[in-house]
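Engineer: Sequence isn't available, so here's the structure alone:
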């Protein structure tokens, strides 16, 4: 027996119903339906979505809620809301971002802008090393460019398979192996996704990312021509060297190393 959807008698509000029918500006309206011949809530919701009009008196169809009223019967309430505030449909997306930056610990400056010493003394030249002690280079925490962004996408239940969830899991904590959303390979780190299934059977999934720029031509002391991808890690090895002007041992950079700390992944598997 096919599923049937029938609008209830007096479903549509009147001027005296309190829902605003017939007024100049409608805030929201609810229409009510009876669904028969299914015990499956998802199939019932899909049948209501097919039957209920996409718009009503200038309002857009929003959330659909279902209440069982029999073994194979449901009462459905369809909310209509102002345009622009409706629930996203499969294929729709929304975006958010912030450029608050991230924190990075560095042991070397871009340039030493000045050095000072007592009268008759010469300040040791540490070649840009920061926070040098007798035994180590302490460095400092600074704010660096990190672009965080999120995308929310609606996908159908058929798209969100176990295999797809596994793909999201496996790509979490990986960087892009090719261009992605306007960023070069190596600049985007996938921070993971969170999703929830809606009453209509669709999934709303939020994808979280952070982007850090690739760099070339970096300099650490006398070491030049350093290049690193956005999420690779640069560290510096220091060694003692005699500063003849200051007549003392100082820490000087003797090696700069770029380390790969994240695996790469194919972000096309995200399907966004």
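Structural biologist: Yep, it's here. None of these values were measured; they are calculated from a predicted model. Residues are numbered from 1 along each chain as shown.
Engineer: What strand or helix carries the most centrally placed residue in the chain?
Structural biologist: Centre of the chain computed as the mean C-alpha position; nearest residue by CA atoms, centre = their mean is residue 208, 2.0 Å away. Element membership of residue 208, judged by DSSP states H and E, is strand 203-211.
Engineer: What lies in contact with the following helix or strand past that strand?
Structural biologist: Once the chain leaves strand 203-211, the next helix or strand it forms, by DSSP H and E, is strand 215-220. For strand 215-220, the external contacting residues (CB atoms under 8 Å, 6 or more residues apart in numbering) are 108, 110, 128, 224-228, 230, 234, 236, 253, 256. In this view, the C-beta of every residue, glycine as well, is placed from N, C-alpha and C.
Engineer: name the helices or strands packed onto the helix-or-strand element of the chain with minimal mean pLDDT?
Structural biologist: The least trusted helix or strand in the chain, going by mean pLDDT, DSSP states H and E, turns out to be strand 93-98, with a mean of 73. Other elements packing on strand 93-98 under the criterion 3 or more CB pairs under 8 Å, 6 or more residues apart in numbering; DSSP states H and E are strand 147-155.
Engineer: Give the pairing partners of the strand it packs on; include direction for each.
Structural biologist: strand 93-98 (antiparallel), strand 203-211 (antiparallel) (DSSP bridges).
Engineer: Of those strands, which stretch is the most buried?
Structural biologist: strand 203-211 (a mean of 20; mean count of other CB atoms under 10 Å).
Engineer: now that strand: mean pLDDT?
Structural biologist: Mean per-residue pLDDT for strand 203-211: 92.
Engineer: what's the spacing between that strand and its chain's center?
Structural biologist: 4 Å (CA atoms, centre = their mean, to the nearest Å).
Engineer: Residues contacting it, please?
Structural biologist: 88, 102, 146-157, 159-160, 181, 183, 187-198, 230, 270, 272.
Engineer: next one: stretch 71-83
Structural biologist: For stretch 71-83, the surrounding residues in contact (CB under 8 Å, 6+ apart) are 5, 8, 26-39, 41, 44-45, 48, 52, 55-69.
Engineer: if I look at the residue located most distally from the centre of the chain, how far off is residue 11?
Structural biologist: Distance from the C-alpha centroid of the chain peaks at residue 120, with 56.7 Å (CA atoms, centre = their mean). Here residue 120 is placed at a distance of 95 Å from residue 11 (CB to CB, to the nearest Å).
Engineer: Could you do residue 54 as well?
Structural biologist: For residue 54, the distance to residue 11 - CB to CB - is 17 Å.
Engineer: same thing with residue 202?
Structural biologist: According to CB to CB, residue 202 stands 24 Å off from residue 11.
Engineer: Give me the nearest residue to residue 253, chain neighbours excluded.
Structural biologist: residue 221 (4.0 Å; CB to CB, 6 or more residues apart in numbering).
Engineer: how about that neighbour, phi and psi?
Structural biologist: Phi and psi for residue 221, reported as degrees, to the nearest 10, are phi 60, psi -120.
Engineer: quick revisit: quick one: residues in contact with the least confident helix or strand of the chain.
Structural biologist: 88, 147, 148, 149, 150, 151, 152, 153, 154, 272.
Engineer: Could you give the bridge partners of the fourth one?
Structural biologist: This points to residue 149. Going by DSSP bridges, residue 149 forms beta bridges with residue 97, residue 209.
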